[in-house]
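A.B. asks: Predicted model and sequence below, questions to follow.
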Amino acid sequence: MPTPPTPRRRLVRSGVLIVAVVALASCGSKTVDGPPPTIDPATAAVSPATAEVPAGAVRPLAGRGEAVVFDAATASSVVLSTDAAGGSELVTFPVNGPSRTVPLPGPATAVAGDGRGTVYAATKGGYFVVNLAGGPVVRRAVDGEGDTDFTAVTRRSDGKIVLGSASGAVFTLSSDTTVGARLQIFARVDALVAQGDTVAVLDRGQTSVTTVDPSGTKQQHALRAGEGATTMVGDPAGRILVADTRGEALLVFGTDPLMLRQQYPVKGAPFGLAGSSRLAWVSQTATNTVVGYDLATGIPVEKVRYPTVQQPNAMTYDDQSGTLFVVSGSGAGVQVIPGAGR
């Protein structure tokens, strides 16, 4: 007959059973396909009326500025603008000369460029390709994604287009319309920035920055980005600049690997960002101000500040001419500051 279990043996067996049950319960409760935990996304401050005359010159913009990208080939700042009816258009503002408007055949949410005269605008189900030299606007419908709300777009150095969606997926295209890879790990993709063939993803709900490997199938690294990150851009040095609007700070990340290099307090609800070879530009939406910081010493050093148009939500910079473009999110136009920071 088997030896009856002693109290010690019963205790050991019970412990093993408890561990097994806890392990199974942990596995069963893991919501792999569920949405990640989020916070209320931060937003720009509602800017007051301007108290000072904006620096430089202000050019009119019929709609509300949503996003901006600089195109080196045409020496133009290209603004994505939305009208009261929800329609979208691109308006080009050259450093010198009149602006030009390019209507889009549907609403757009984000823009990116190749720096050689072509701009890409994300839209539902795909993206628009705009030749700034005056060619036709072409809509590319992404295969099988007709109902997908694309919220972000970027172009890698190898020419591949990467799109982000409101449902939290990153799509790396293998052709103009074919999805080569899809990575669904975010609450929402609010911004994409390519540094080489590595793509950084900003998720406002998770207030996180994540890098996606060149295959587009897995994340490389993921970091918390302050208390409420809102915007993200790249700079010529290969860094990623992030505005922590809720935490009132400028965050500077390296990308190889992803690492927080600098964190510096910026008051006044920082939001708009622009990178340049010499300075990092940050707008303060609570005070209608833009500040240029030198990042070379390891800690941001303020070098210059300018009064801006109301609601300075987006910016871009032309390194060749030293011109800073500040785009109003309230319909106050586009501010052009020649020789900014020099």
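C.D. replies: All right, it came through fine. Keep in mind the model is a prediction, meaning the values are calculated, not measured.
A.B. asks: From here on, just use CA atoms for contacts and neighbour counts.
C.D. replies: Fine.
A.B. asks: pLDDT value on the residue nearest to the spatial centre of the chain, please?
C.D. replies: For the chain, the residue nearest the mean C-alpha position is residue 191 (2.6 Å; Cα atoms, centre = their mean). For residue 191, the pLDDT comes out at 98.
A.B. asks: Then residue 301?
C.D. replies: 96.
A.B. asks: correct me, but it touches residue 294?
C.D. replies: Yes: judged on Cα atoms under 8 Å, residue 301 makes contact with residue 294 at a distance of 5.1 Å.
A.B. asks: and those two? which has more neighbours close in?
C.D. replies: residue 294 (19 against 15; other Cα atoms under 10 Å).
A.B. asks: Excluding covalently adjacent residues, which one is nearest to residue 235?
C.D. replies: In this structure, residue 235 finds its nearest non-sequential neighbour in residue 275, 4.4 Å apart by Cα to Cα, 6 or more residues apart in numbering.
A.B. asks: and the gap between the residue nearest to the centre of the chain and residue 337?
C.D. replies: 26 Å (Cα to Cα, to the nearest Å).
A.B. asks: Could you do residue 147 as well?
C.D. replies: Applying Cα to Cα to residue 147 and residue 337 gives a distance of 40 Å.
A.B. asks: Among those two, which residue is more densely surrounded?
C.D. replies: residue 337 (21 against 10).
A.B. asks: Skipping adjacent residues, who's closest to the more buried one in space?
C.D. replies: Per Cα to Cα, 6+ apart, closest to residue 337 is residue 56, 4.4 Å.
A.B. asks: surely the one you found meets residue 340?
C.D. replies: No: assessed by Cα under 8 Å, residue 56 is found out of contact with residue 340, at 9.1 Å.
A.B. asks: The two - which one has more neighbours?
C.D. replies: residue 340 (21 against 18).
A.B. asks: The more buried one reaches residue 325, doesn't it?
C.D. replies: No: Residue 340 is beyond contact range of residue 325, at 9.5 Å (criterion: Cα under 8 Å).
A.B. asks: Near residue 37, how many other residues are there?
C.D. replies: So residue 37, with other Cα under 10 Å, has 9 neighbours.
A.B. asks: who touches it in this structure?
C.D. replies: Contact partners of residue 37, counting by Cα atoms under 8 Å, 6 or more residues apart in numbering, are 187, 206.
A.B. asks: what about it, is that helix, strand or coil?
C.D. replies: coil (DSSP: H, G, I helix; E, B strand; the rest coil).
A.B. asks: Quick check: the gap between it and residue 159.
C.D. replies: 33 Å.
A.B. asks: where exactly do the helices run in the protein?
C.D. replies: 7-29 (DSSP state H).
A.B. asks: Any idea which helix or strand in it has the lowest mean pLDDT?
C.D. replies: Using mean pLDDT, DSSP states H and E, helix 7-29 stands out as the lowest-scoring helix or strand of the chain, at a mean of 36.
A.B. asks: partner residues bridging the residue nearest to residue 235?
C.D. replies: residue 280 (DSSP bridges).
A.B. asks: Now do the contacts for the residue lying closest to residue 174 once chain neighbours are set aside.
C.D. replies: Setting aside the residues directly before and after it, residue 174 is nearest to residue 180 in space (Cα to Cα, 6+ apart), at 4.7 Å. Taking Cα under 8 Å, 6+ apart, we find residue 180 in contact with 171-174, 216.
A.B. asks: at 6 Å instead, please
C.D. replies: 172-174 (Cα atoms under 6 Å, 6 or more residues apart in numbering).
A.B. asks: got a winner among these for most neighbours?
C.D. replies: residue 172 (26 neighbours).
A.B. asks: all strands of the stretch 151-300 of the chain, in order?
C.D. replies: For the stretch 151-300 of the chain, the strands defined by DSSP state E, counting those that start in this stretch cover 161-165, 169-173, 179-184, 191-195, 198-203, 208-212, 219-224, 229-234, 240-244, 249-255, 258-265, 270-275, 280-284, 289-294.
A.B. asks: neighbouring strands for the longest one, and are they parallel or not?
C.D. replies: Which is strand 258-265. When DSSP bridges is applied, strand 258-265 pairs with strand 249-255 (antiparallel).
A.B. asks: what mean pLDDT would you report for the strand it pairs with?
C.D. replies: 96.
A.B. asks: what residues does it touch?
C.D. replies: With Cα under 6 Å, 6+ apart, strand 249-255 has contacts from 239-243, 259-266.
A.B. asks: Centre of the chain to that strand, how far?
C.D. replies: Offset of strand 249-255 from its chain centre (Cα atoms, centre = their mean, to the nearest Å): 13 Å.
A.B. asks: quick one: residue 189 and residue 171 touch, right?
C.D. replies: No: counting by Cα atoms under 6 Å, residue 189 stays clear of residue 171, with 10.5 Å between them.
A.B. asks: okay, the strands of the stretch 151-300 of the chain, which one's buried deepest?
C.D. replies: Compared across the strands of the stretch 151-300 of the chain, strand 270-275 shows the largest average neighbour count, a mean of 29 (mean count of other Cα atoms under 10 Å).
A.B. asks: Okay then, goodbye and thanks.
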